[in-house]
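# I would like the atomic coordinates for the input below:
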Amino acid sequence: MNRIESADFVVSNIFLDGGCEPFYGVGDAFPEKFATVNIQLSTTDAMTEIVDAIREKKGFLPMLPTEKHPTDYDMDGWYDFYLDINDYDVLRVSDHIEAVVDNGNGEDDFTCYTIELSDAVRAVLYKHLNEQAKRVCGMSLDEMLVEAHDFID
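The predicted structure is shown next:
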């Protein structure tokens, strides 16, 4: 599974990173430019297991023990999860979450893998993260997008 279809899964396993350091930028859907905010996520092991499954198919060791690799796994590595918010798409959330291999022992260190999101999940995810952003960052995701407009030429 590398597509998330369950809104319950999102609410239980994906959270805004407590450091709350959004990266502001500009997207380009020629000829239109639009504001983007890239946010880091904190996730549960369930998200790690999804990326582990993708990587195992490519011959890499998982980050967590699995039935196939109960003792032979990458204990030193982890994934950084990121999501783009934008004001171009009506749902405001990218159609995927990016998982970057960090400190992995495989040749795919710093490789980005994607987990697709259904439209229904994207809508729930925006609402879920927006509430967290208000508490953790002191501003909503919409307010972050307004700040990102400063980067558009």
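
# Check which helices and strands the longest helix along the chain is in contact with.
Using DSSP state H, we find that the single longest helix of the chain is helix 119-136. In this structure, helix 119-136 packs against helix 7-13, strand 14-16, strand 78-86, helix 141-148, with contacts taken as 3 or more C-beta pairs under 8 Å, 6 or more residues apart in numbering; DSSP states H and E. No exception for glycine: its C-beta is placed from N, CA and C like everyone else's.

# which one of these has the most crowded surroundings?
With neighbours defined by mean count of other C-beta atoms under 10 Å, none of these is more surrounded on average than strand 14-16, at a mean of 22.

# which residues are contacting that one?
39, 41-43, 47, 81, 97, 125, 128-129, 132-133, 136-137 (C-beta atoms under 8 Å, 6 or more residues apart in numbering).

# Also stretch 88-101?
4, 14, 27, 29, 32, 34, 41, 47, 50-51, 55, 77, 79-86, 108-117, 119, 122-123, 125-126, 141, 145.

# Rebuild the helices and strands packed on helix 119-136 as TSV, extending it with distance to residue 61.
What follows is the helices and strands packed on helix 119-136, written out as TSV (distance: least, C-beta to C-beta, whole Å):
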stretch	distance to residue 61
helix 7-13	22
strand 14-16	24
strand 78-86	13
helix 141-148	35
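
# Now these in JSON lines, please, with extra columns for mean pLDDT and distance to residue 67.
Listed next are these as JSON lines, based on pLDDT from 0 to 100; distance: least, C-beta to C-beta, whole Å:
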{"stretch": "helix 7-13", "mean pLDDT": "93", "distance to residue 67": "20"}
{"stretch": "strand 14-16", "mean pLDDT": "93", "distance to residue 67": "24"}
{"stretch": "strand 78-86", "mean pLDDT": "95", "distance to residue 67": "20"}
{"stretch": "helix 141-148", "mean pLDDT": "92", "distance to residue 67": "38"}
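
# Ok, which of those comes nearest residue 69?
strand 78-86 (16.0 Å; C-beta to C-beta).
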